[in-house]
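> Just a sequence and a predicted model for now, questions to come.
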Amino acid sequence: MTYNALLKCNLKEGMFPSEYAVSIQTISDDEVGFFCPKDLILDEKLEVQVIERLENRSLIRLPVESFSSSTFIVSNDLLSMNVVAA
């Protein structure tokens, strides 16, 4: 079962007024950057889809494509699981 969650991220102003430049940290400590519409951000967190959750990490799908992929493994410490099911 997949569900939505909020992922902690770093935000900067994007190239356009309606977007942010977003960076997230993967479980392997890589930083992934992409642009995202501002309406996908809530309290400086990005709404993502959790595909699979394990004990300390989750496979997530971003709502937009990054330059490399749209799915990543992140630490569960970076996720807020209080969002309604997808």
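Here it is on my side, so go on.
> If you drop the residues flanking it in sequence, what lies closest to residue 21?
In this structure, residue 21 finds its nearest non-sequential neighbour in residue 12, 4.4 Å apart by C-beta to C-beta, 6 or more residues apart in numbering. All C-beta spots, glycine's among them, are computed from the backbone N, C-alpha and C.
> where does the one you found land in three-state SS?
Of the three states, residue 12 takes strand under DSSP: H, G, I helix; E, B strand; the rest coil.
> And it, how far from residue 48?
19 Å (C-beta to C-beta, to the nearest Å).
> Of these two, which one has the most company?
Neighbour totals were compared for residue 12 and residue 48, and residue 48 leads with 27 against 9 (other C-beta atoms under 10 Å).
> what bridges to the more buried one?
residue 5 (DSSP bridges).
> go on, residue 20?
residue 13, residue 36.
> Could you tell me which residues make contact with residue 81?
Applying C-beta atoms under 8 Å, 6 or more residues apart in numbering, we find residue 81 in contact with 3, 5, 50.
> Turn the buried ones among these into a named PyMOL selection, would you?
In PyMOL syntax, the buried subset of the contacts of residue 81 is picked out as below (16 or more other C-beta atoms under 10 Å):
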select buried, resi 5+50
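> For residue 83, report the pLDDT, please.
Turning to residue 83, the model gives it a pLDDT of 57.
> Equivalent analysis for the one 3 residues further on, please.
Predicted confidence (pLDDT) at residue 86: the value is 53.
> ok, now residue 67?
At residue 67, the pLDDT value in this model is 78.
> Wait, it touches residue 34, no?
Yes. Counting by C-beta atoms under 8 Å, residue 67 sits close enough to residue 34 to count as a contact (6.6 Å).
> The two - which one has more neighbours?
Neighbours per residue (other C-beta under 10 Å) separate residue 67 from residue 34, with residue 34 holding more: 22 against 8.
> Do a quick rundown of the strands in the chain.
3-8, 10-13, 19-25, 31-37, 41-42, 45-53, 57-61, 71-75, 79-80 (DSSP state E).
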